[in-house]
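Novice: After the sequence you'll find the predicted model.
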Amino acid sequence: MANVKRATSTALVRADPPKEPWRDVDWQNLWLALRARSWTSLAIVPGGVGGPADLPLTIAVTLARIGIMHLGAQIHVADATQISLAHLEQFVEEVRRLNSDGDLVIMALPTVKENPITVSLARTASASVLCVLLNQMSSSESKRTVERIGQASFIGSIVFHTPPPPVSKEASP
């Protein structure tokens, strides 16, 4: 008969699941700082090229989820990262309709360098936020972005050391 020994400990260690960004205190503080200013539509504007393609959408979805938890009301995320000039007016009208119904809208925009509609959309928003990925986006390009849109449109900027993790589509707030 074979000599079988019973294991005295388990080799499996269960790691804590990653923390969803909308549950993070820094993200919640960011949301509260943004809500300290009155806006009905908020444009998330990348400072320049160099970040992940989904950076503005990830930021918009994360902020919307925090806002839903905070306000208990629907907040729409409008993905404008692929909108063409031919669809600009239709997009703007939809955002205006949602705002006139009392809904908040967070718009994820492409970089000014990648799409000419970014300037128009940021100017039609009640407020804009510049999003910069440190050491990956050019500070001179970020300055040009602010100049093209107009400093008065911006209520602040967000500087990330690393890109925020993509938002899980299955999880809920």
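Specialist: Now that the structure is in, tell me what you want to look at.
Novice: Could you identify the longest helix within this structure?
Specialist: What stands out as the longest helix in the chain, according to DSSP state H, is helix 55-71.
Novice: Now do the next helix or strand after it: everything it contacts.
Specialist: Heading C-terminal from helix 55-71, the first helix or strand you meet, by DSSP states H and E, is strand 75-79. Contacts with strand 75-79, where a contact means C-beta atoms under 8 Å, 6 or more residues apart in numbering, come from 57, 60-61, 63-64, 67-68, 91, 94-95, 98, 103-108. To be clear about C-beta, it is placed using only N, CA and C from the backbone, and glycine gets the same treatment.
Novice: tell me the SS of Ile155?
Specialist: Secondary structure, DSSP: H, G, I helix; E, B strand; the rest coil: Ile155 is strand.
Novice: Would you agree it is in contact with Arg35?
Specialist: No. Counting by C-beta atoms under 8 Å, Ile155 does not reach Arg35; the two are 10.4 Å apart.
Novice: Cys131 sits in which helix or strand?
Specialist: Using DSSP H and E, Cys131 sits in strand 127-133.
Novice: Output that strand as CSV, restricted to C-alpha atoms.
Specialist: Extracted in CSV, the C-alpha atoms of strand 127-133 (Å, rounded to 0.1, in the frame of the first residue of the first chain):
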residue,chain,number,x,y,z
ALA,A,127,-18.0,72.4,-18.2
SER,A,128,-14.9,70.5,-19.3
VAL,A,129,-12.2,68.6,-17.5
LEU,A,130,-8.7,68.2,-18.9
CYS,A,131,-7.3,64.6,-18.4
VAL,A,132,-3.6,64.1,-18.5
LEU,A,133,-1.6,60.9,-18.3
